[in-house]
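# model the following, please.
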Amino acid sequence: MADLRPQALDGHPYKCSINSGFFAFLRVGPAEGSDSKAPIIRLRETTMNRYRLHLQHFIFLVIASAMAALLPSAATAQASKLAGHWEGSIQAPGSPIAISVDFTAKPDGSLSATISIPLQGARDLPLGSVVVNGADVSFELPGVPGTPAFKGKLDAGGDKIGGDLTQAGNTLKFALERKASPAAAAREALAGFDQTVPDAMNKFDVPGMAIAIVKGKEVIYAKGFGYRDTEKQLPVTPDTLFAIGSSSKAFTTFVLGTLVDEGKIEWDKPLRNYVPWFRLQNESMGERLTPRDLVTHRSGLPRHDLVWYNNYGATRKWLVERLAYLEPSADLREKFQYNNLMFLTAGYLSEVITGKTWEENVRERILDPLGMARTNFSVLDSQKDQDFAQPYRRKSGKTEKMPFRVISNLGPAGSINSSVNEMSKWLIMQLNGGQFEGKKLANAATVQDMHLAHMPTGGTPQLPGISPADYGMGWFTQSYRGHELVEHGGNIDGFSANVVLLPQDDIGMVILTNLNGTSLRDLMAYVIADRLLDLKSIDWIGQGAARRAIAEAATEEGQKKKEVTRVQGTRPSHRLDDYTGDYENPGYGPLKVQLSGDRLQVTFNGITTPVEHWHYDTFNGAKAADPTFEDMKFGFLTDASGFISAVAVPFEPSVRDIVFTKKPDARLYDAEYLKRFVGTYDLVGQPVALALKGNALTAALPGQPALDLSPALGGDFALKQIRVVTIHFLADESGEITGFEFRQPGTVLTAKRRKQ
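Predicted coordinates for the structure are as follows:
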């Protein structure tokens, strides 16, 4: 019941109440001329006459309103007849332009509508002046030059619209046909897909897999298959966390894109504008390199991945600084070379610009707005979750669990862990021009720019109907059987992932597995695409399994022949302990060689590998708990003095071997240890005074400036000003220093120590 309180009638307050369509005016108060104080009801004829017309009009409005609520109007019926999804084309010169229109009926009987034109990258543009009058249908596309206006007729069956599109004086024919909603049609196309996945996983020995598929703004599929933990028989779910590896790169590029939108960086300005100290080994390349170059794999540097791999002690800044010492294999923008360190640098750039960590930027600019609350940046965090996948690998024909690899220091290039349920939100946002559930995360043009090719990879066709991939910004882009495909895979120890977009078809998919380096992540995307695009089926799984079997057999056969590269009958030139010591490269950092029992072992970035003599002074990486350096060759070098002075290792096969120089005995930098050498020595009748300056020795000869002694191999010292001259100290049986040999090319002079 509703109370209406009009102004007092005839000087007295009245109530008008509405109850089930009945009306009455009530005068509240005692009757005139009555002493009774009890309230009575009395209707005044004059009052009723005065308001009769108003009341009749009011009753008419209320009844009309009630009838409108109970019975659909003609306009409402017309709107309902048109509501739904329509697909068709505009008959433009050359070839038709595909369009789709979605009509929505409003409660008031009017229509709203949106139009999508995939060829032009236009999606869900609002239409105006939407009118349906009988069979006549018209609508406009406001805000576009020439105001495109569509006028057509609905056929008798109510399933087709045909008519004219006029724009700026030009007229083209258009046609639309009622279709099932894209999401419903896509779900129907996936009928029976559930049976395909387990069979494919069995063929590729994949323990667990999760798949999510989106169409437009809807998740149409999200399921888990197999086991996230085979020992405990724990099933994969759509919420299971997997490492997505290099699929993280698109997140880093997206963060930079938001900074571009905010005017804080520009893609094509030199990086030194933002990080003034940045350097590359080639100074010119370092001066010219831009943020766009960082995220398009065209820096001129090959991978150099062992700089960061398993390097838990390195900060991101330290790793960026190492770039100044890494050899390039091409000029800037000369050719495509995949490089994780450049994406690390891109993430570091976001930290410099914002004053926040890369993780904070990804969380604030992507994960929080999308509601990706469980997505994290370290496998250590994944293992604290209740639903995470264990990593597995194939070894000697068996699938076995392998250790998690923490790569947090290289986070911007590949450390994100997520589930298909949360990654589906990332897909929806990418397909919808940077928007998600009414929130704008980035400009549509910026998102589209990331999906465009910026660097050709130089690849050649490998599979029918699939073009060689080029690289955008954080995404590969190619043509798949005539459809634009944008994707980025991810491989990190024990996990393989693929994130795929078909932008013009409004389709996205994410495939996550817990098997190291499996190609099933790519093949499954092709299977899904063929279903959703209604393409002729290709047996991608069967063909891929056959190729895999051939490759595995060839690898096994090749391993049997590895000895053919070995020179038989040789031996090391030195005792094994002569090879031991600390080695260092300015780009890669320290490497340590130690004697363990009767053989050497090498430790780099925390990975220890036994090495066995191969031939001459080359040693071969043997089997180890961490197989990173198995069968890698370590070539030791001897200097002119006969000392093992360096070791060369093919850590980056695109450039010359990485040379680690042997460091002198650490004690030669210790002031306390150096005191034993301080004193005066007689050299060819001249006194030579050795003194301690900080933690270094100096030598003073009469009439000459003091010379600096630099620690050298074998416990010797070199004259810093004359590197070819060395000093070799002599000691008695007790270890007391008795003199030194002054070694120079062509002669060796002996100096005796004066007694104190």
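
# can you list the domain ranges for the chain.
By the assignment in automatic domain parsing, the chain contains the domains 2-70, 75-179, 193-553, 569-662, 666-753.

# ok, which of these comes nearest residue 559?
For those, proximity to residue 559 was assessed by C-beta to C-beta; domain 569-662 is nearest, at 8.6 Å. For glycine as for every other residue, the C-beta is placed from the backbone atoms N, C-alpha and C.

# avg pLDDT for the closest one?
The pLDDT scores in domain 569-662 average 97.

# how about the strands of the stretch 201-350 of the chain, start to end?
208-215, 218-229, 234-235, 242-243 (DSSP state E, counting those that start in this stretch).

# and the strands in the stretch 501-650 of the chain?
Taking DSSP E, counting those that start in this stretch, the strands of the stretch 501-650 of the chain run over residues 507-513, 581-585, 589-596, 599-604, 607-615, 618-621, 633-638, 644-649.

# picking that back up, looking at the domains of the chain, which is buried most?
Mean neighbour counts were compared across these using mean count of other C-beta atoms under 10 Å; the top stretch is domain 193-553, at a mean of 19.

# start and end of that domain, how far apart?
In domain 193-553, first residue to last residue: 30 Å (C-alpha to C-alpha, to the nearest Å).

# centre of the chain to it, how far?
Put simply, domain 193-553 sits 4 Å off its chain's centre (C-alpha atoms, centre = their mean, to the nearest Å).

# and it, average pLDDT?
Along domain 193-553, the predicted confidence averages to a pLDDT of 97.

# now do stretch 672-691
Averaged across stretch 672-691, pLDDT comes to 95.

# just the CA atoms of that stretch, as PDB, please.
Coordinates of each C-alpha in stretch 672-691 appear next as PDB, following Å, rounded to 0.1, in the frame of the first residue of the first chain:
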ATOM      1  CA  GLU A 672      97.400 -10.200   7.300                       C
ATOM      2  CA  TYR A 673      98.800 -12.900   5.000                       C
ATOM      3  CA  LEU A 674     100.800 -10.400   2.900                       C
ATOM      4  CA  LYS A 675     102.800  -9.200   6.000                       C
ATOM      5  CA  ARG A 676     105.000 -12.300   5.600                       C
ATOM      6  CA  PHE A 677     106.500 -10.800   2.400                       C
ATOM      7  CA  VAL A 678     107.300  -7.400   3.700                       C
ATOM      8  CA  GLY A 679     111.000  -6.600   4.000                       C
ATOM      9  CA  THR A 680     114.100  -5.600   2.100                       C
ATOM     10  CA  TYR A 681     115.700  -7.900  -0.500                       C
ATOM     11  CA  ASP A 682     119.000  -7.600  -2.300                       C
ATOM     12  CA  LEU A 683     118.600  -7.800  -6.100                       C
ATOM     13  CA  VAL A 684     121.800  -7.600  -8.100                       C
ATOM     14  CA  GLY A 685     123.400  -5.400  -5.500                       C
ATOM     15  CA  GLN A 686     120.400  -3.100  -5.100                       C
ATOM     16  CA  PRO A 687     118.000  -3.100  -2.200                       C
ATOM     17  CA  VAL A 688     114.300  -3.800  -3.100                       C
ATOM     18  CA  ALA A 689     111.900  -2.700  -0.300                       C
ATOM     19  CA  LEU A 690     108.600  -4.500  -0.300                       C
ATOM     20  CA  ALA A 691     105.900  -2.700   1.700                       C
END
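
# rewinding a little: how about the strands of the stretch 201-350 of the chain in a markdown table, adding distance to residue 482?
Putting the strands of the stretch 201-350 of the chain into a markdown table (distance: least, C-beta to C-beta, whole Å) gives the following:
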| stretch | distance to residue 482 |
| --- | --- |
| strand 208-215 | 19 |
| strand 218-229 | 22 |
| strand 234-235 | 37 |
| strand 242-243 | 31 |
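
# rewinding a little: which one of the domains of the chain lies closest to residue 560?
domain 193-553 (11.3 Å).

# ok so, going back, export the domains of the chain to TSV and tack on distance to residue 561?
Rendered in TSV, the data for these read as follows (distance: least, C-beta to C-beta, whole Å):
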stretch	distance to residue 561
domain 2-70	85
domain 75-179	52
domain 193-553	13
domain 569-662	12
domain 666-753	38
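
# about what we covered before: could you redo the strands of the stretch 501-650 of the chain as TSV and give each row distance to residue 414?
Rendered in TSV, the data for the strands of the stretch 501-650 of the chain read as follows (distance: least, C-beta to C-beta, whole Å):
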stretch	distance to residue 414
strand 507-513	14
strand 581-585	24
strand 589-596	20
strand 599-604	20
strand 607-615	18
strand 618-621	24
strand 633-638	28
strand 644-649	24
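
# and the end-to-end length of stretch 661-671?
For stretch 661-671, the end-to-end distance is 23 Å (C-alpha to C-alpha).

# contact partners for residue 496?
If you count contacts by C-beta atoms under 8 Å, 6 or more residues apart in numbering, residue 496 has them with 245, 489, 490, 513, 515, 516, 517, 518, 520, 521.

# check those residues and tell me the two furthest apart.
The two members of the contacts of residue 496 with the most space between them (C-beta to C-beta) are 245 and 520, at 14.8 Å.

# rewinding a little: of all the strands of the stretch 201-350 of the chain, which one comes closest to residue 548?
Distances from residue 548 to each of the strands of the stretch 201-350 of the chain were compared using C-beta to C-beta; the minimum, 15.9 Å, belongs to strand 208-215.

# what lines up beside that closest one in the sheet?
As defined by DSSP bridges, the strand partners of strand 208-215 come to strand 218-229 (antiparallel), strand 507-513 (antiparallel).

# mind putting these into TSV with distance to residue 694?
Converted to TSV, the strands paired with strand 208-215 look like this (distance: least, C-beta to C-beta, whole Å):
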stretch	distance to residue 694
strand 218-229	57
strand 507-513	56
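
# between those strands, which gets nearest to residue 625?
Counting by C-beta to C-beta, residue 625 lies closest to strand 218-229 out of the strands paired with strand 208-215; the figure is 20.9 Å.

# now do the closest one: everything it contacts.
When contacts are defined by C-beta under 8 Å, 6+ apart, strand 218-229 is touched by residues 183, 186-187, 190, 193-194, 197-198, 201, 206-214, 233-238, 240, 387-390, 420-421, 424, 428, 514.
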